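Asker: Provided below for reference: sequence and predicted model.
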Amino acid sequence: MVLGELGGSLCRALAQMNNATVIHEKVLIDCLNEITRALIKADVSMDLVKNLNMNIKKNVNLGDVTAGHNKRRIIQEAVFNELCKMLDTGKPSFSPEKGKPSVIMFVGLQGSGKTTSCMKYVYYHKKKGFTPALVCADTFRAGAFDQLKQNATKAEIPFYGSYMESDPVKIAIEGVERFKKENCDLIIVDTSGRHQQETSLFEEMRQLAESTNPDLVIFVMDSSIGLAAFSQAQAFH
């Protein structure tokens, strides 16, 4: 189920609740059942769905709502707040600062779109006035450096990589140090991937993180894989 379909299903569930003549416990349960079906169809974790239901029921006690209070509004706000909690950890997002060097490392399985995401990230921040640079630490995939080099050249963004060096950690260290000396304030490290979650991949990511000390690590994945995204994210954590 695509995002638009999920949004439509959630809106219909709330609309049915709004159309009820009297808001009572059964109306709330029917609304939650519709929301549950929509989330499960969208491949949302069963544990998350259960927690959402439990929290909404805990926060919406229709028997305690005094006269004059809008029960529909109370239910809508409870649903909205719980859906937001599913998507937002509450932690402040990282924001790079101009003039202060920040290192961002992109990780993920092969074919997930890391290099493309790196390019979009640096190009966006370049338009915002940053001085970005790219480091290709992907020595596993054939043509990885060529792809990054071609895209970076077209976007007029400085880049660093090697056709001869096979150690991604060494490349990353050299690239980050070079661009810090050149006063780049946003240094993106593009890393290797694998077709499967292999021990060698995670060890390489660990070494890269320890050697470059990134300010932010961005995990790139295919958004269509559903529940499999959870295990992937856990493995890279």
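Answerer: Everything's here; your move.

Asker: what's the neighbour count on K126?
Answerer: Residues near K126, counting by other CB atoms under 10 Å, number 15. Placement of C-beta: from N, CA and C, glycine included.

Asker: now do S112
Answerer: By other CB under 10 Å, the residues close to S112 number 19.

Asker: give me the secondary structure label for it.
Answerer: What DSSP: H, G, I helix; E, B strand; the rest coil gives for S112 is coil.

Asker: now do the phi/psi pair for it.
Answerer: According to degrees, to the nearest 10, the main-chain angles of S112 amount to phi -80, psi -10.

Asker: quick one: it from G4, how far?
Answerer: For S112, the distance to G4 equals 23 Å [CB to CB, to the nearest Å].

Asker: show me how the record splits this protein into domains.
Answerer: Using the TED database, the domain parsing of the chain gives 2-87, 102-236.

Asker: mind showing which ranges of the protein have poor pLDDT?
Answerer: 1-2, 62-69, 195-197 (pLDDT under 70).

Asker: show me where it has strands.
Answerer: Along the chain, the stretches classed as strands by DSSP state E are 102-107, 132-137, 159-160, 186-191, 216-219.

Asker: tabulate those strands in TSV, adding columns for mean neighbour count.
Answerer: Converted to TSV, those look like this (neighbours: other CB atoms under 10 Å):
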stretch	mean neighbour count
strand 102-107	23
strand 132-137	28
strand 159-160	22
strand 186-191	29
strand 216-219	16
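
Asker: adding distance to F94, write the domains of the chain out as a markdown table.
Answerer: A markdown table is the format used below for the domains of the chain (distance: least, CB to CB, whole Å):
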| stretch | distance to F94 |
| --- | --- |
| domain 2-87 | 17 |
| domain 102-236 | 4 |
